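Trainee: Model the structure of this input:
(one chain, ligands or ions: 2)
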Amino acid sequence: MNTCDSVSTKPSCGSNNGAVADSGDPLGWFANTISHSLTYAQIQRAQGRPIVGMMCEFTPRELIMAAGAIPVCLCAGSAATIPAAERHLPANLCPMIKSAYGYHVERSNPFLEMSDLIVAETTCDGKKKMYELMAESRAMHVVQLPHEQNGKDALEYWVNELYCLKEALERRFKIEIDETRLRESIHTMNRERSLRRRLAQLMKRDAPPLTGRQLAQLRSNTSGIPEDLRQYERALAMLEGREACPKTAKKVRVLLTGVPMAFGAERVLDIIEGSGGLVVCTESCTGLKPIYEDVDIDAPDLMRALATKYFHLPCSVMSRNTDRLDLLRNLAVEYRPDCVVELIWQACLTYDVESFYVKRLAEEELQIPYLRIETDYAPADSARIQVRVEALLETAKGRKQRV
Ligand code: SF4
Ligand code: SF4
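Mentor: Ligands and ions are numbered 1, 2, ... in the order given. Below you'll find the predicted structure:
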(Lines give C-alpha, C1' and ligand atoms only; values in the text may rest on other atoms or scores of the structure.)
(Ligands and ions follow the chains in the order given, each with its own letter.)
Protein backbone atom coordinates (compact mmCIF):
# COMPACT_ATOMS: atom_id res chain seq x y z
CA MET A 1 0.00 0.00 0.00
CA ASN A 2 1.18 3.51 -0.75
CA THR A 3 1.97 5.83 2.12
CA CYS A 4 1.77 9.58 2.31
CA ASP A 5 5.59 9.76 2.20
CA SER A 6 5.54 8.66 -1.40
CA VAL A 7 3.33 11.65 -2.14
CA SER A 8 5.55 14.03 -0.28
CA THR A 9 8.53 13.18 -2.48
CA LYS A 10 6.54 14.50 -5.43
CA PRO A 11 5.81 18.20 -5.98
CA SER A 12 4.69 19.44 -2.62
CA CYS A 13 3.45 22.58 -1.08
CA GLY A 14 5.81 25.41 -1.85
CA SER A 15 7.79 23.64 -4.54
CA ASN A 16 7.90 24.50 -8.21
CA ASN A 17 5.55 21.90 -9.60
CA GLY A 18 6.45 22.67 -13.17
CA ALA A 19 9.90 21.16 -12.76
CA VAL A 20 8.84 17.54 -12.27
CA ALA A 21 9.22 15.25 -15.22
CA ASP A 22 6.61 12.66 -16.21
CA SER A 23 7.25 9.56 -14.20
CA GLY A 24 4.24 7.38 -14.82
CA ASP A 25 2.95 9.04 -11.67
CA PRO A 26 -0.21 11.13 -12.17
CA LEU A 27 1.21 13.90 -9.99
CA GLY A 28 4.21 13.99 -12.30
CA TRP A 29 1.90 14.03 -15.32
CA PHE A 30 -0.09 17.01 -14.04
CA ALA A 31 3.08 18.83 -12.97
CA ASN A 32 3.62 19.28 -16.71
CA THR A 33 -0.02 19.84 -17.56
CA ILE A 34 0.52 23.05 -19.52
CA SER A 35 3.03 21.46 -21.85
CA HIS A 36 0.82 18.38 -22.30
CA SER A 37 -2.16 20.62 -23.08
CA LEU A 38 -0.16 22.61 -25.58
CA THR A 39 1.05 19.50 -27.37
CA TYR A 40 -2.50 18.15 -27.44
CA ALA A 41 -3.93 21.42 -28.79
CA GLN A 42 -1.20 21.65 -31.45
CA ILE A 43 -1.81 18.10 -32.64
CA GLN A 44 -5.58 18.52 -32.69
CA ARG A 45 -5.29 21.81 -34.57
CA ALA A 46 -2.97 20.25 -37.14
CA GLN A 47 -5.70 17.66 -37.67
CA GLY A 48 -8.23 20.38 -38.40
CA ARG A 49 -9.91 20.92 -35.04
CA PRO A 50 -10.42 24.59 -34.12
CA ILE A 51 -9.19 26.01 -30.81
CA VAL A 52 -11.51 28.16 -28.71
CA GLY A 53 -10.09 30.30 -25.89
CA MET A 54 -12.14 31.12 -22.80
CA MET A 55 -11.61 32.79 -19.44
CA CYS A 56 -14.58 31.96 -17.28
CA GLU A 57 -16.38 29.00 -15.77
CA PHE A 58 -19.70 30.35 -17.05
CA THR A 59 -18.58 29.32 -20.55
CA PRO A 60 -19.99 25.86 -21.24
CA ARG A 61 -17.11 23.83 -22.59
CA GLU A 62 -19.63 21.20 -23.69
CA LEU A 63 -20.91 23.43 -26.51
CA ILE A 64 -17.39 24.15 -27.74
CA MET A 65 -16.52 20.44 -27.70
CA ALA A 66 -19.79 19.55 -29.44
CA ALA A 67 -18.72 21.94 -32.22
CA GLY A 68 -15.63 19.78 -32.72
CA ALA A 69 -13.38 22.40 -31.14
CA ILE A 70 -10.92 22.29 -28.23
CA PRO A 71 -11.70 24.62 -25.31
CA VAL A 72 -8.56 26.13 -23.77
CA CYS A 73 -8.46 28.29 -20.68
CA LEU A 74 -6.66 31.62 -21.10
CA CYS A 75 -6.69 32.64 -17.42
CA ALA A 76 -3.17 33.75 -16.58
CA GLY A 77 -1.13 33.63 -13.40
CA SER A 78 2.09 35.38 -14.39
CA ALA A 79 3.22 38.75 -13.06
CA ALA A 80 5.68 39.07 -15.96
CA THR A 81 3.09 40.17 -18.52
CA ILE A 82 1.42 42.79 -16.32
CA PRO A 83 3.69 45.75 -17.32
CA ALA A 84 2.72 45.19 -20.96
CA ALA A 85 -0.96 45.16 -19.99
CA GLU A 86 -0.62 48.39 -18.03
CA ARG A 87 0.27 50.20 -21.25
CA HIS A 88 -3.46 49.98 -22.07
CA LEU A 89 -5.22 49.05 -18.84
CA PRO A 90 -5.36 50.86 -15.49
CA ALA A 91 -2.84 49.65 -12.92
CA ASN A 92 -5.62 49.30 -10.35
CA LEU A 93 -7.19 46.26 -12.01
CA CYS A 94 -7.39 42.57 -11.15
CA PRO A 95 -4.01 40.90 -11.83
CA MET A 96 -5.67 37.97 -13.59
CA ILE A 97 -7.22 40.29 -16.15
CA LYS A 98 -3.95 42.20 -16.60
CA SER A 99 -1.87 39.07 -16.84
CA ALA A 100 -4.10 37.56 -19.55
CA TYR A 101 -4.26 40.84 -21.43
CA GLY A 102 -0.48 41.26 -21.18
CA TYR A 103 -0.07 37.93 -22.97
CA HIS A 104 -2.41 39.28 -25.65
CA VAL A 105 -0.33 42.45 -26.09
CA GLU A 106 2.94 40.51 -26.14
CA ARG A 107 1.44 37.75 -28.30
CA SER A 108 3.21 35.34 -25.99
CA ASN A 109 0.50 32.90 -24.91
CA PRO A 110 0.58 30.05 -27.45
CA PHE A 111 -2.98 29.00 -26.50
CA LEU A 112 -4.27 32.49 -27.25
CA GLU A 113 -2.25 32.75 -30.45
CA MET A 114 -3.69 29.51 -31.80
CA SER A 115 -7.28 30.36 -30.78
CA ASP A 116 -9.62 30.60 -33.75
CA LEU A 117 -12.24 32.20 -31.55
CA ILE A 118 -12.51 33.57 -28.01
CA VAL A 119 -15.72 33.04 -26.12
CA ALA A 120 -15.97 35.97 -23.71
CA GLU A 121 -18.60 36.67 -21.10
CA THR A 122 -19.98 39.71 -19.33
CA THR A 123 -19.07 38.92 -15.74
CA CYS A 124 -17.09 41.60 -13.89
CA ASP A 125 -16.61 45.11 -15.29
CA GLY A 126 -12.84 44.80 -15.63
CA LYS A 127 -12.99 41.63 -17.67
CA LYS A 128 -15.79 42.68 -19.98
CA LYS A 129 -14.09 46.00 -20.78
CA MET A 130 -10.76 44.24 -21.31
CA TYR A 131 -12.50 41.94 -23.82
CA GLU A 132 -13.57 45.00 -25.79
CA LEU A 133 -9.92 45.94 -26.29
CA MET A 134 -8.95 42.38 -27.12
CA ALA A 135 -11.78 42.10 -29.66
CA GLU A 136 -10.20 44.85 -31.74
CA SER A 137 -7.73 42.31 -33.08
CA ARG A 138 -9.18 38.87 -32.29
CA ALA A 139 -12.33 36.97 -33.24
CA MET A 140 -14.66 36.97 -30.26
CA HIS A 141 -18.17 35.93 -29.34
CA VAL A 142 -19.52 37.58 -26.19
CA VAL A 143 -22.04 35.70 -24.06
CA GLN A 144 -24.23 38.13 -22.13
CA LEU A 145 -24.64 36.82 -18.61
CA PRO A 146 -27.70 37.75 -16.55
CA HIS A 147 -26.58 38.91 -13.13
CA GLU A 148 -29.29 37.36 -11.01
CA GLN A 149 -30.12 33.71 -10.52
CA ASN A 150 -33.51 33.63 -8.90
CA GLY A 151 -35.87 34.97 -11.54
CA LYS A 152 -37.37 32.70 -14.21
CA ASP A 153 -36.76 35.36 -16.85
CA ALA A 154 -33.06 35.31 -16.08
CA LEU A 155 -32.84 31.59 -16.80
CA GLU A 156 -34.80 32.03 -20.06
CA TYR A 157 -32.42 34.81 -21.06
CA TRP A 158 -29.42 32.57 -20.32
CA VAL A 159 -30.87 29.63 -22.27
CA ASN A 160 -31.30 32.00 -25.20
CA GLU A 161 -27.70 33.25 -24.87
CA LEU A 162 -26.44 29.67 -25.04
CA TYR A 163 -28.49 29.11 -28.19
CA CYS A 164 -26.81 32.23 -29.64
CA LEU A 165 -23.41 30.76 -28.74
CA LYS A 166 -24.37 27.43 -30.29
CA GLU A 167 -25.38 29.15 -33.53
CA ALA A 168 -22.20 31.24 -33.58
CA LEU A 169 -20.07 28.10 -33.18
CA GLU A 170 -22.04 26.25 -35.85
CA ARG A 171 -21.69 29.14 -38.30
CA ARG A 172 -18.00 29.71 -37.68
CA PHE A 173 -16.94 26.07 -37.70
CA LYS A 174 -19.50 24.92 -40.28
CA ILE A 175 -20.87 22.12 -38.17
CA GLU A 176 -24.23 21.20 -36.73
CA ILE A 177 -24.28 20.68 -32.98
CA ASP A 178 -26.88 17.94 -32.83
CA GLU A 179 -28.13 16.11 -29.79
CA THR A 180 -25.70 13.21 -30.23
CA ARG A 181 -22.67 15.50 -30.26
CA LEU A 182 -23.96 17.50 -27.31
CA ARG A 183 -24.72 14.37 -25.28
CA GLU A 184 -21.23 13.05 -25.96
CA SER A 185 -19.53 16.25 -24.79
CA ILE A 186 -21.76 16.46 -21.70
CA HIS A 187 -20.81 12.89 -20.90
CA THR A 188 -17.09 13.74 -21.19
CA MET A 189 -17.37 16.85 -19.03
CA ASN A 190 -19.51 15.09 -16.42
CA ARG A 191 -16.88 12.38 -16.26
CA GLU A 192 -14.07 14.90 -15.87
CA ARG A 193 -15.96 16.81 -13.16
CA SER A 194 -16.79 13.60 -11.33
CA LEU A 195 -13.17 12.40 -11.34
CA ARG A 196 -11.90 15.76 -10.09
CA ARG A 197 -14.64 15.92 -7.48
CA ARG A 198 -13.70 12.48 -6.18
CA LEU A 199 -10.08 13.59 -5.91
CA ALA A 200 -11.16 16.69 -3.99
CA GLN A 201 -13.29 14.53 -1.70
CA LEU A 202 -10.18 12.71 -0.50
CA MET A 203 -9.51 15.86 1.51
CA LYS A 204 -12.54 15.09 3.67
CA ARG A 205 -10.50 12.45 5.48
CA ASP A 206 -9.05 13.20 8.91
CA ALA A 207 -5.64 12.43 7.41
CA PRO A 208 -5.87 13.31 3.70
CA PRO A 209 -3.49 11.44 1.38
CA LEU A 210 -2.28 14.60 -0.36
CA THR A 211 -1.81 18.31 0.26
CA GLY A 212 -4.02 21.11 -1.01
CA ARG A 213 -1.20 22.16 -3.32
CA GLN A 214 -0.98 18.72 -4.85
CA LEU A 215 -4.74 18.67 -5.35
CA ALA A 216 -4.62 22.12 -6.97
CA GLN A 217 -2.15 20.74 -9.49
CA LEU A 218 -4.46 17.88 -10.48
CA ARG A 219 -6.23 19.78 -13.24
CA SER A 220 -5.64 21.06 -16.74
CA ASN A 221 -6.26 24.25 -18.67
CA THR A 222 -7.74 22.14 -21.49
CA SER A 223 -10.75 19.96 -20.79
CA GLY A 224 -11.51 16.55 -22.18
CA ILE A 225 -7.95 15.40 -22.97
CA PRO A 226 -8.27 11.59 -22.94
CA GLU A 227 -4.88 11.09 -21.26
CA ASP A 228 -5.81 13.56 -18.51
CA LEU A 229 -8.95 11.55 -17.77
CA ARG A 230 -6.86 8.40 -17.60
CA GLN A 231 -4.42 10.10 -15.24
CA TYR A 232 -7.24 11.30 -12.96
CA GLU A 233 -8.35 7.68 -12.73
CA ARG A 234 -4.82 6.56 -11.94
CA ALA A 235 -4.50 9.22 -9.26
CA LEU A 236 -7.74 8.03 -7.67
CA ALA A 237 -6.64 4.41 -7.76
CA MET A 238 -3.33 5.40 -6.15
CA LEU A 239 -4.69 7.78 -3.52
CA GLU A 240 -7.98 6.16 -2.52
CA GLY A 241 -6.16 3.16 -1.07
CA ARG A 242 -3.49 5.17 0.65
CA GLU A 243 -2.94 4.78 4.40
CA ALA A 244 -3.85 7.61 6.73
CA CYS A 245 -1.10 10.21 6.62
CA PRO A 246 0.03 11.26 10.12
CA LYS A 247 1.62 14.43 8.72
CA THR A 248 -1.58 15.84 7.23
CA ALA A 249 -3.62 14.71 10.26
CA LYS A 250 -1.78 17.17 12.50
CA LYS A 251 -2.26 20.22 10.32
CA VAL A 252 -4.77 23.02 10.71
CA ARG A 253 -7.56 22.44 8.18
CA VAL A 254 -8.19 25.48 6.01
CA LEU A 255 -11.13 26.30 3.75
CA LEU A 256 -9.77 28.62 1.05
CA THR A 257 -12.42 30.70 -0.69
CA GLY A 258 -12.60 33.65 -3.06
CA VAL A 259 -11.01 34.34 -6.43
CA PRO A 260 -9.62 31.70 -8.78
CA MET A 261 -5.89 30.93 -8.71
CA ALA A 262 -4.67 30.47 -12.29
CA PHE A 263 -1.61 28.26 -12.77
CA GLY A 264 1.37 30.18 -11.36
CA ALA A 265 -0.74 32.26 -8.95
CA GLU A 266 -0.86 29.79 -6.03
CA ARG A 267 1.38 31.91 -3.77
CA VAL A 268 -1.16 32.30 -0.94
CA LEU A 269 -1.93 28.58 -0.97
CA ASP A 270 1.79 27.91 -0.72
CA ILE A 271 2.13 30.33 2.20
CA ILE A 272 -0.76 28.66 4.05
CA GLU A 273 0.66 25.17 3.61
CA GLY A 274 4.21 26.31 4.25
CA SER A 275 3.02 27.74 7.59
CA GLY A 276 1.47 24.51 8.88
CA GLY A 277 -1.99 24.67 7.34
CA LEU A 278 -3.63 22.16 5.04
CA VAL A 279 -6.05 23.51 2.44
CA VAL A 280 -8.71 20.80 2.60
CA CYS A 281 -11.18 22.62 0.41
CA THR A 282 -11.05 25.42 -2.15
CA GLU A 283 -14.30 27.22 -2.90
CA SER A 284 -13.31 29.01 -6.09
CA CYS A 285 -13.39 28.56 -9.85
CA THR A 286 -10.06 26.71 -9.73
CA GLY A 287 -11.39 24.52 -6.92
CA LEU A 288 -14.73 22.91 -6.24
CA LYS A 289 -17.10 25.64 -7.45
CA PRO A 290 -17.40 24.59 -11.12
CA ILE A 291 -17.23 20.83 -10.48
CA TYR A 292 -19.74 20.63 -7.63
CA GLU A 293 -22.70 20.09 -9.97
CA ASP A 294 -23.02 18.10 -13.22
CA VAL A 295 -25.26 18.56 -16.24
CA ASP A 296 -28.37 16.35 -16.09
CA ILE A 297 -27.63 14.13 -19.08
CA ASP A 298 -31.04 12.43 -18.80
CA ALA A 299 -32.98 15.67 -19.07
CA PRO A 300 -35.39 15.87 -22.05
CA ASP A 301 -33.90 19.22 -23.16
CA LEU A 302 -30.09 19.08 -23.08
CA MET A 303 -29.57 22.77 -23.91
CA ARG A 304 -31.75 23.76 -20.96
CA ALA A 305 -29.99 21.25 -18.72
CA LEU A 306 -26.64 22.72 -19.76
CA ALA A 307 -27.85 26.27 -19.13
CA THR A 308 -29.23 25.29 -15.73
CA LYS A 309 -25.95 23.78 -14.51
CA TYR A 310 -23.92 26.84 -15.49
CA PHE A 311 -26.60 29.23 -14.26
CA HIS A 312 -26.14 27.83 -10.75
CA LEU A 313 -22.47 28.81 -10.54
CA PRO A 314 -22.25 30.93 -7.37
CA CYS A 315 -19.96 33.67 -8.66
CA SER A 316 -19.75 37.04 -6.92
CA VAL A 317 -20.87 38.85 -10.09
CA MET A 318 -24.37 37.58 -9.28
CA SER A 319 -26.67 39.69 -7.17
CA ARG A 320 -27.57 38.37 -4.76
CA ASN A 321 -25.18 35.47 -4.54
CA THR A 322 -26.67 33.62 -1.59
CA ASP A 323 -25.93 30.27 -3.28
CA ARG A 324 -22.24 30.85 -2.52
CA LEU A 325 -22.98 31.10 1.18
CA ASP A 326 -25.04 27.90 0.99
CA LEU A 327 -22.16 26.20 -0.81
CA LEU A 328 -19.75 27.37 1.90
CA ARG A 329 -22.09 26.02 4.59
CA ASN A 330 -22.20 22.63 2.85
CA LEU A 331 -18.44 22.55 2.36
CA ALA A 332 -17.86 23.42 6.02
CA VAL A 333 -19.93 20.39 7.02
CA GLU A 334 -18.24 18.10 4.51
CA TYR A 335 -14.62 19.20 4.95
CA ARG A 336 -14.61 20.31 8.62
CA PRO A 337 -12.23 23.30 8.32
CA ASP A 338 -10.66 24.84 11.43
CA CYS A 339 -10.56 28.28 9.77
CA VAL A 340 -11.42 30.18 6.58
CA VAL A 341 -9.01 32.16 4.41
CA GLU A 342 -10.52 34.38 1.75
CA LEU A 343 -8.33 35.38 -1.18
CA ILE A 344 -9.23 38.56 -3.06
CA TRP A 345 -7.27 39.78 -6.06
CA GLN A 346 -6.55 43.49 -5.93
CA ALA A 347 -9.50 45.49 -7.37
CA CYS A 348 -11.84 42.50 -7.50
CA LEU A 349 -14.73 44.51 -6.13
CA THR A 350 -17.40 41.83 -6.26
CA TYR A 351 -15.48 39.26 -4.20
CA ASP A 352 -14.19 42.03 -1.94
CA VAL A 353 -17.66 43.28 -1.05
CA GLU A 354 -18.91 39.72 -0.57
CA SER A 355 -16.14 39.12 1.95
CA PHE A 356 -18.43 40.87 4.46
CA TYR A 357 -20.88 37.96 4.25
CA VAL A 358 -18.18 35.30 4.24
CA LYS A 359 -16.52 36.74 7.35
CA ARG A 360 -19.87 36.87 9.13
CA LEU A 361 -20.65 33.30 8.10
CA ALA A 362 -17.29 32.01 9.33
CA GLU A 363 -17.14 33.88 12.61
CA GLU A 364 -20.76 34.00 13.70
CA GLU A 365 -22.33 30.92 12.14
CA LEU A 366 -19.51 28.42 11.74
CA GLN A 367 -17.64 29.95 14.70
CA ILE A 368 -14.21 29.50 13.20
CA PRO A 369 -11.50 32.15 12.60
CA TYR A 370 -11.50 34.04 9.30
CA LEU A 371 -8.76 35.89 7.43
CA ARG A 372 -9.19 38.09 4.33
CA ILE A 373 -6.11 38.45 2.15
CA GLU A 374 -6.11 41.02 -0.63
CA THR A 375 -3.09 40.83 -2.88
CA ASP A 376 -1.92 40.70 -6.48
CA TYR A 377 0.67 38.66 -8.36
CA ALA A 378 3.76 40.49 -7.04
CA PRO A 379 5.46 38.71 -4.13
CA ALA A 380 6.32 41.96 -2.28
CA ASP A 381 3.75 41.35 0.47
CA SER A 382 4.52 37.65 1.03
CA ALA A 383 6.25 38.19 4.40
CA ARG A 384 3.34 40.27 5.67
CA ILE A 385 0.81 37.67 4.49
CA GLN A 386 2.83 34.92 6.14
CA VAL A 387 2.72 36.70 9.52
CA ARG A 388 -1.06 37.06 9.29
CA VAL A 389 -1.53 33.44 8.18
CA GLU A 390 0.66 32.18 11.03
CA ALA A 391 -1.40 34.17 13.53
CA LEU A 392 -4.61 32.74 12.09
CA LEU A 393 -3.31 29.17 12.21
CA GLU A 394 -2.18 29.63 15.83
CA THR A 395 -5.62 30.90 16.78
CA ALA A 396 -7.31 28.02 14.95
CA LYS A 397 -4.93 25.49 16.54
CA GLY A 398 -5.58 26.87 20.03
CA ARG A 399 -9.32 26.72 19.46
CA LYS A 400 -9.07 23.17 18.07
CA GLN A 401 -7.15 21.99 21.13
CA ARG A 402 -9.76 23.50 23.45
CA VAL A 403 -12.72 21.88 21.63
S1 SF4 B 1 -15.03 33.78 -10.42
FE2 SF4 B 1 -16.82 34.32 -11.69
S3 SF4 B 1 -15.96 35.57 -13.32
FE4 SF4 B 1 -14.25 34.45 -12.40
S5 SF4 B 1 -14.03 32.54 -13.59
FE6 SF4 B 1 -15.39 32.12 -11.89
S7 SF4 B 1 -17.44 32.42 -12.72
FE8 SF4 B 1 -16.03 33.47 -14.09
S1 SF4 C 1 -11.03 37.74 -9.88
FE2 SF4 C 1 -12.66 39.28 -9.74
S3 SF4 C 1 -11.93 41.05 -10.92
FE4 SF4 C 1 -10.65 39.28 -11.46
S5 SF4 C 1 -11.60 38.44 -13.30
FE6 SF4 C 1 -12.47 37.33 -11.54
S7 SF4 C 1 -14.34 38.44 -10.95
FE8 SF4 C 1 -13.12 39.78 -12.31
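
Trainee: can you pull out the helices in the stretch 201-350 of the chain?
Mentor: 212-217, 226-240, 246-249, 267-274, 302-311, 322-335, 349-360 (DSSP state H, counting those that start in this stretch).

Trainee: For ligand 1, which of those is the nearest?
Mentor: helix 349-360 (7.4 Å; CB to the nearest ligand atom). Using the backbone N, CA and C atoms, a C-beta is placed for each residue, glycine as well.

Trainee: just to revisit the earlier point, any chance of the helices of the stretch 201-350 of the chain in TSV, with mean pLDDT, mean neighbour count and distance to ligand 1 too?
Mentor: TSV is the format used below for those (pLDDT from 0 to 100; neighbours: other CB atoms under 10 Å; distance: least, CB to the nearest ligand atom, whole Å):
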stretch	mean pLDDT	mean neighbour count	distance to ligand 1
helix 212-217	98	24	15
helix 226-240	97	17	20
helix 246-249	91	15	28
helix 267-274	98	23	16
helix 302-311	98	20	9
helix 322-335	98	17	10
helix 349-360	98	18	7
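
Trainee: For T188, find the nearest of these.
Mentor: T188 lies closest, by CB to CB, to one member of the helices of the stretch 201-350 of the chain: helix 226-240, at 7.8 Å.

Trainee: residues in contact with that closest one?
Mentor: 2, 7, 25-27, 29-30, 33, 36, 40, 188, 191-192, 195-196, 198-199, 202, 209-210, 218, 220, 222 (CB atoms under 8 Å, 6 or more residues apart in numbering).

Trainee: for stretch 137-149, same thing?
Mentor: So stretch 137-149 is in contact with 58-59, 104, 112, 115-123, 128, 131, 134-135, 154-155, 157-158, 161-162, 164-165, 168-169, 172, 311-312, 317-321, 323, going by CB under 8 Å, 6+ apart.

Trainee: can you list the weak-confidence ranges in the chain?
Mentor: Residues of the chain that meet the criterion pLDDT under 70 lie in 1-23.

Trainee: how near is the spatially most central residue of it to ligand 2?
Mentor: Compute the mean C-alpha point of the chain, and by CA atoms, centre = their mean the closest residue is T286, 1.5 Å away. As judged by CB to the nearest ligand atom, to the nearest Å, T286 and ligand 2 stand 11 Å apart.

Trainee: neighbours around the closest residue to that residue other than its chain neighbours, how many?
Mentor: Leaving aside its chain neighbours, T286 sits nearest to P260 (4.3 Å; criterion: CB to CB, 6 or more residues apart in numbering). Counted with other CB atoms under 10 Å, the neighbours of P260 add up to 23.

Trainee: mind checking how far P260 is from A139?
Mentor: For P260, the distance to A139 equals 24 Å [CB to CB, to the nearest Å].

Trainee: Likewise for L361?
Mentor: From L361 to A139 the distance is 42 Å (CB to CB).

Trainee: of these two, who's got more company?
Mentor: L361 (20 against 12).

Trainee: what sits against that one?
Mentor: The contact partners of L361, taken as CB under 8 Å, 6+ apart, are L325, L328, R329.

Trainee: Also S99?
Mentor: A76, G77, S78, A79, T81, I82, A85, A262, A265, Y377.

Trainee: Helix, strand, or coil at it?
Mentor: helix (DSSP: H, G, I helix; E, B strand; the rest coil).

Trainee: Not counting residues beside it along the chain, what's closest to it?
Mentor: S99 sits nearest to A76 (CB to CB, 6+ apart), 3.7 Å away.

Trainee: And the contacts of stretch 300-310?
Mentor: Contacts for stretch 300-310 (CB under 8 Å, 6+ apart): 57-58, 60, 62-63, 155, 158-159, 162-163, 166, 179, 182-183, 186, 293-297, 299.

Trainee: next one: phi and psi at M54?
Mentor: Per-residue torsions, M54: phi -150, psi 160 (degrees, to the nearest 10).

Trainee: For it, which non-adjacent residue is closest in space?
Mentor: V119 (4.9 Å).

Trainee: Double-check that the one you found belongs to a helix.
Mentor: No: assessed with three-state DSSP, V119 is strand; it does not lie in a helix.

Trainee: ok, it to I51 distance?
Mentor: Separation of V119 from I51 (CB to CB): 11 Å.

Trainee: do S78 as well
Mentor: 20 Å.

Trainee: Looking at those two, which has the bigger crowd around it?
Mentor: I51 (23 against 18).

Trainee: show me what contacts the more buried one?
Mentor: By CB under 8 Å, 6+ apart, I51 lies in contact with A41, Q44, R45, A69, I70, V72, F111, M114, S115, D116.

Trainee: Next, the buried residues of stretch 133-152.
Mentor: M134, R138, M140, H141, V142, V143, L145, P146, Q149 (16 or more other CB atoms under 10 Å).

Trainee: got a markdown table for those, with secondary structure and distance to ligand 1 too?
Mentor: Output for the buried residues of stretch 133-152, formatted as a markdown table (DSSP: H, G, I helix; E, B strand; the rest coil; distance: CB to the nearest ligand atom, whole Å):
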| residue | secondary structure | distance to ligand 1 |
| --- | --- | --- |
| M134 | helix | 16 |
| R138 | coil | 19 |
| M140 | strand | 16 |
| H141 | strand | 16 |
| V142 | strand | 14 |
| V143 | strand | 11 |
| L145 | coil | 9 |
| P146 | coil | 13 |
| Q149 | coil | 12 |
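
Trainee: Return only those of the residues you listed found close to ligand 2.
Mentor: Among the buried residues of stretch 133-152, no residue lies close to ligand 2 (CB under 6 Å from any ligand atom).

Trainee: how much space between the residue of the stretch 201-350 of the chain found nearest ligand 2 and S185?
Mentor: Using CB to the nearest ligand atom, C348 is the residue of the stretch 201-350 of the chain that sits closest to ligand 2, at 3.2 Å. For C348, the distance to S185 equals 31 Å [CB to CB].

Trainee: For the stretch 101-250 of the chain, which residues are neighbours of ligand 1?
Mentor: Checking the stretch 101-250 of the chain against ligand 1 by CB under 6 Å from any ligand atom, the hits are T123, C124.

Trainee: how about 5 Å then?
Mentor: Proximity of the stretch 101-250 of the chain to ligand 1, by CB under 5 Å from any ligand atom, involves residues T123.
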